[in-house]
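Asks: Sequence and computational prediction follow.
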Amino acid sequence: MNTAATAPTTRSARLGLRATPEQEVVLRRAAEVARKSLTDFILDSACLAAEQTLLDQRLFIVSDIQYQALVDLLERPEQENDGLSDLFARKAPWDAK
């Protein structure tokens, strides 16, 4: 989805918003610090927040075929995984002294 990075394409949709003078000052200063135009900064920030909101959904709608594929994966017998066994056998770096 990655729409946060502004593509060099022509923008045709127009969005309007109103802000308090304080919000405008903060947004303009942040845009300066990020070395972006105000429009790019606001669009990038808004798209990033929108993507996070969409990715944080807990309801997933899938087709019957996709659901059955998931159920089949979950019902498969467990398989030996040497890499995981090795990982879990090691002491965590933050626990080592």
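Replies: Ah, there it is.

Asks: neighbours around Ala31, how many?
Replies: By other Cβ atoms under 10 Å, 18 other residues sit near Ala31. The C-beta positions use only the backbone N, C-alpha and C, and glycine is treated the same way.

Asks: swap in Phe41?
Replies: Phe41 has 19 neighbours, counted by other Cβ under 10 Å.

Asks: From Leu27, how far off is Ser14?
Replies: No, residue 14 isn't Ser; it's Arg. As judged by Cβ to Cβ, to the nearest Å, Arg14 and Leu27 stand 18 Å apart.

Asks: cool, Asp44 as well?
Replies: Taking Cβ to Cβ, one finds Asp44 at 12 Å from Leu27.

Asks: With Ile42 instead?
Replies: Distance of Ile42 to Leu27, computed by Cβ to Cβ: 6 Å.

Asks: Only C-alpha atoms, please: export stretch 83-97 in PDB.
Replies: Provided in PDB are the C-alpha atoms of stretch 83-97 (Å, rounded to 0.1, in the frame of the first residue of the first chain):
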ATOM      1  CA  GLY A  83      16.100 -23.100  13.600                       C
ATOM      2  CA  LEU A  84      13.400 -22.400  16.100                       C
ATOM      3  CA  SER A  85      14.600 -25.200  18.400                       C
ATOM      4  CA  ASP A  86      18.100 -23.600  18.300                       C
ATOM      5  CA  LEU A  87      16.700 -20.100  18.900                       C
ATOM      6  CA  PHE A  88      14.600 -21.100  22.000                       C
ATOM      7  CA  ALA A  89      17.500 -23.100  23.400                       C
ATOM      8  CA  ARG A  90      19.700 -20.000  23.600                       C
ATOM      9  CA  LYS A  91      19.700 -17.600  26.500                       C
ATOM     10  CA  ALA A  92      18.300 -14.100  25.600                       C
ATOM     11  CA  PRO A  93      21.100 -11.500  25.200                       C
ATOM     12  CA  TRP A  94      19.500  -9.300  27.800                       C
ATOM     13  CA  ASP A  95      19.500 -12.200  30.300                       C
ATOM     14  CA  ALA A  96      23.200 -13.000  29.800                       C
ATOM     15  CA  LYS A  97      25.600 -11.600  32.400                       C
END
